[in-house]
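In: predicted model and sequence follow; I will ask about them next.
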Amino acid sequence: MSTPPSRPLSSPQSTASTDVELLAIGAGPSNLGLAVALEELAPDLAENTLLIDKNPTIEWQQGMLMPWATSQVSFLKDLVTQRDPRSRFSFLNHLYETGRLDEFVNMSTFTPYRIEFAEYLRWVARSLTRVRIELGRRCRSVQPLRDDAGAVTGWRTELADGSVITSRYLVIGVGRDPNIPPVLAGIPRGRVVHSIEYRQRVSALSGELPYRVAVIGSSQSAAEMFRALHDDLPDSDVAWLMRSIGLSSDESSKFTNELYYPSFVDEFYDARPEAREQILREMYRTNYSVVTPPMLEHLYADLYLDRLTDRTERRLVAMVDITGAREADDEVVLELTDRRTGTVTELRRDLVFLGTGFDARMPRLVRDLADSLELDQVDVTRQYRVKLEEPSTAACYLQGMNEETHGISDSLLSVLAQRAEEICRDIVAHRERVPAAAVSAKESSTL
């Protein structure tokens, strides 16, 4: 299948205002999946759609692109296959177009290397012919536009360079904010490395220096950083700190994986609040604070060899709380409280690496927009549209941050293709049902 000529990705634009029908903030998998759905299902709307992203290139889990890291989900959960397996934007077509299909088939795996899936996303972005993508455009704020009667008619997005984009439809797919434990909030950012920036930050360090390092958390990201540090900072002293009694394998099975089906979203959304809470609680350890079995095997073998050869510079410290942290004498001093005995000790480190996941709240950008709309809480419809408590001829959609209403799969690749179609079709239906109002220059009174 031949690929039509692509539209080149754009560099940052001037400070002049831009008006589009649909603005999507964030060019990660969610909004790239939406772009594909628009091109295939609503080409006219796609022609007046703009994706923006703060990064200068299309990025996906850039901080965790270790050369050996693999995706944790099947390649069939790409941007489009579960919606339309015949689409030219599929991962398999990417392999075919780039001449790697035979080799991938020969690998006999469903989980490609993470660097390969990241390249697939860049290939999709380059292959778009209608949706425009502009990179290096950091969003500063979003405010509602209103008519003279106060009804919301669109959105005003201000970028860091001072330029403004107005749109009738807005889709926010920026991902949640990194979780920095409050106890570490006072530590200079130069000494704290969250997993989302691991590769970038560690590349700036000298691999020949004997750093004293702490890794915090019991998640897959913490495990991958602990493993990577063995090669990236080989002479360093690494203490892996966790509150749990030890590392645990994810509790997924073919039965629990059915709750990650796109079709399960309807069941979850229609469930009673107490049922939703039970499902999320019981599904928690299929995705959070756990490590995949292959990674556990690799880590245990590494630590076994360390013990066999009397190497003590890498160790796990379980059942400890970090009850204090400060910077003193050009080092980070962590106060550790043993959960078994209550004993308090100090651990002095040069760097702290965080595998602590992401803030459970809506991203700051969404919370600020909710304040402008005077919403006490952010609720979305089944089609991911924000429920506005006032008249509106515009609409805003949220991608990847609706776990409480749409299930544990919402932040993952599992439902991405189907969700993109649902948002696309909802926008098309809204355009047909609700006439567009003349966008007023009147903005939210909170400006």
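Out: Looks like it arrived, so ask away. Numbering: from 1, shown residues only.
In: check what contacts the longest helix seen in the chain and list those residues.
Out: Looking across the chain with DSSP state H, the single longest helix is helix 416-433. Defining contact as Cβ atoms under 8 Å, 6 or more residues apart in numbering, one finds that helix 416-433 is touched by 22, 29-30, 33-34, 36-38, 41-42, 45, 77-84, 169, 171, 262, 265, 381-385, 395, 397, 399, 410. The C-beta positions use only the backbone N, C-alpha and C, and glycine is treated the same way.
In: just the mean pLDDT for that helix, thanks.
Out: The pLDDT scores in helix 416-433 average 97.
In: in that helix, which residues are buried?
Out: For helix 416-433, burial by neighbour count (16 or more other Cβ atoms under 10 Å) applies to 416-424, 426-427, 430-431.
In: centre of the chain versus it, how much separation?
Out: On the basis of Cα atoms, centre = their mean, to the nearest Å, helix 416-433 sits 21 Å off its chain's mean C-alpha point.
In: what comes into contact with stretch 323-341?
Out: By Cβ under 8 Å, 6+ apart, the list of residues contacting stretch 323-341 from outside reads 183-184, 186-188, 191, 212, 214, 241, 243, 317, 319-322, 343-352.
In: hmm, back to that, can I get the buried part of the contacts of helix 416-433 as one ChimeraX selection?
Out: To isolate in ChimeraX the members of the contacts of helix 416-433 that are buried, counting by 16+ other Cβ under 10 Å, one can use:
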select :22,29,30,33,34,36,37,38,41,42,45,77,78,79,80,81,82,83,84,169,171,262,265,383,384,385,395,397,399,410
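In: please flag which of the contacts of helix 416-433 sit within helices.
Out: Reading helices off those with DSSP H, I get 29, 30, 33, 34, 36, 37, 38, 41, 45, 265.
In: how many residues are close by the closest residue to the fifth one other than its chain neighbours?
Out: What sits nearest to residue 36 in space, not counting adjacent residues and going by Cβ to Cβ, 6 or more residues apart in numbering, is residue 89, at 4.7 Å. Neighbourhood size, residue 89 [other Cβ atoms under 10 Å]: 26.
In: circling back: got the angle for the longest helix of the chain vs helix 29-41?
Out: Orientation of helix 416-433 against helix 29-41 (axes from the mean of the first three to the mean of the last three Cα atoms, to 10 degrees) gives an angle of 60 degrees.
In: where does residue 144 land in three-state SS?
Out: Using DSSP: H, G, I helix; E, B strand; the rest coil, the three-state assignment for residue 144 comes out as strand.
In: scratch that, residue 238 is what I was asking about
Out: Per three-state DSSP, residue 238 ends up strand.
In: unless I'm mixing things up, residue 349 is touching residue 214, no?
Out: Yes: using Cβ atoms under 8 Å, residue 349 and residue 214 qualify as a contacting pair, with a distance of 4.6 Å.
In: centroid residue for the protein?
Out: residue 175 (4.2 Å; Cα atoms, centre = their mean).
In: same question for stretch 317-325, mean pLDDT?
Out: Computed over stretch 317-325, the average pLDDT equals 97.
In: again with stretch 131-148
Out: Mean predicted lDDT for stretch 131-148 stands at 96.
In: give me the buried positions along it.
Out: Using 16+ other Cβ under 10 Å as the burial criterion, the residues of stretch 131-148 that qualify are 131-137, 139, 141-147.
In: with stretch 401-410 instead?
Out: 401, 402, 403, 404, 405, 406, 407, 408, 409, 410.
In: residue ranges with poor pLDDT in the chain?
Out: Across the chain, the ranges flagged by pLDDT under 70 are 1-15, 438-447.
In: where do the helices sit along this protein?
Out: With DSSP H as the criterion, the chain has helices at 29-41, 43-46, 91-97, 101-107, 114-127, 198-202, 220-232, 254-257, 264-270, 273-283, 293-308, 364-372, 403-406, 416-433.
In: just name the most buried of those.
Out: With neighbours taken as mean count of other Cβ atoms under 10 Å, the helices of the chain reach their highest mean count in helix 29-41, at a mean of 26.
In: now what about that one, what contacts it?
Out: Identification of contacts with helix 29-41 by Cβ under 8 Å, 6+ apart yields 22, 24-25, 45-46, 49, 51, 58, 60, 79-80, 83-84, 87, 89, 121, 124-125, 128-131, 133, 171, 173, 399-400, 413, 416-417, 419-421, 423-425, 428.
In: domain ranges for the chain?
Out: If you go by automatic domain parsing, the domain ranges for the chain are 18-177+359-433, 182-250+288-354.
In: closest one to residue 280 among those?
Out: Smallest distance to residue 280 across the domains of the chain (Cβ to Cβ): 6.0 Å, for domain 18-177+359-433.
In: quick one: end-to-end distance for that closest one.
Out: Using Cα to Cα, to the nearest Å, one end of domain 18-177+359-433 lies 25 Å from the other.
In: swap in stretch 250-270?
Out: Stretch 250-270 has an end-to-end distance of 27 Å (Cα to Cα).
In: same deal with stretch 245-259?
Out: Stretch 245-259 stretches 28 Å from its first residue to its last (Cα to Cα).
In: got the contact list for it?
Out: By Cβ under 8 Å, 6+ apart, the surrounding residues in contact with stretch 245-259 are 218, 223, 264, 268, 279, 283, 285-287, 289-293, 296, 299, 316, 318-319, 407-409.
In: I'd assumed residue 347 was in contact with residue 214.
Out: Yes: the pair residue 214 / residue 347 is scored as a contact, 6.6 Å apart, by Cβ under 8 Å.
In: those two: who's more crowded?
Out: residue 214 (24 against 18).
In: with adjacent residues omitted, what lies nearest to residue 17?
Out: Using Cβ to Cβ, 6+ apart and skipping the chain neighbours, the partner closest in space to residue 17 is residue 164 (4.6 Å).
In: list the contacts for that neighbour?
Out: Neighbours of residue 164 in contact, by Cβ under 8 Å, 6+ apart: 17, 18, 156, 157, 158.
In: by neighbours, which of the residues you listed wins?
Out: Neighbour max across these (other Cβ under 10 Å) = residue 157, 26 neighbours.
In: so what's the residue count around the residue lying closest to that residue once chain neighbours are set aside?
Out: Distances taken as Cβ to Cβ, 6+ apart put residue 165 closest to residue 157, at 4.6 Å, once the chain neighbours are dropped. The local packing of residue 165 (other Cβ under 10 Å) involves 23 other residues.
In: quick one: residues contacting residue 165.
Out: With Cβ under 8 Å, 6+ apart, residue 165 has these contacts: 17, 18, 19, 20, 23, 50, 52, 156, 157, 159.
In: quick one: which of those sit in strands?
Out: Of those, the ones assigned to strands by DSSP state E are 18, 19, 20, 23, 50, 52, 156, 157, 159.
In: show me which of these is closest to residue 391.
Out: For those, the residue nearest residue 391 by Cβ to Cβ is residue 156; the value is 17.8 Å.
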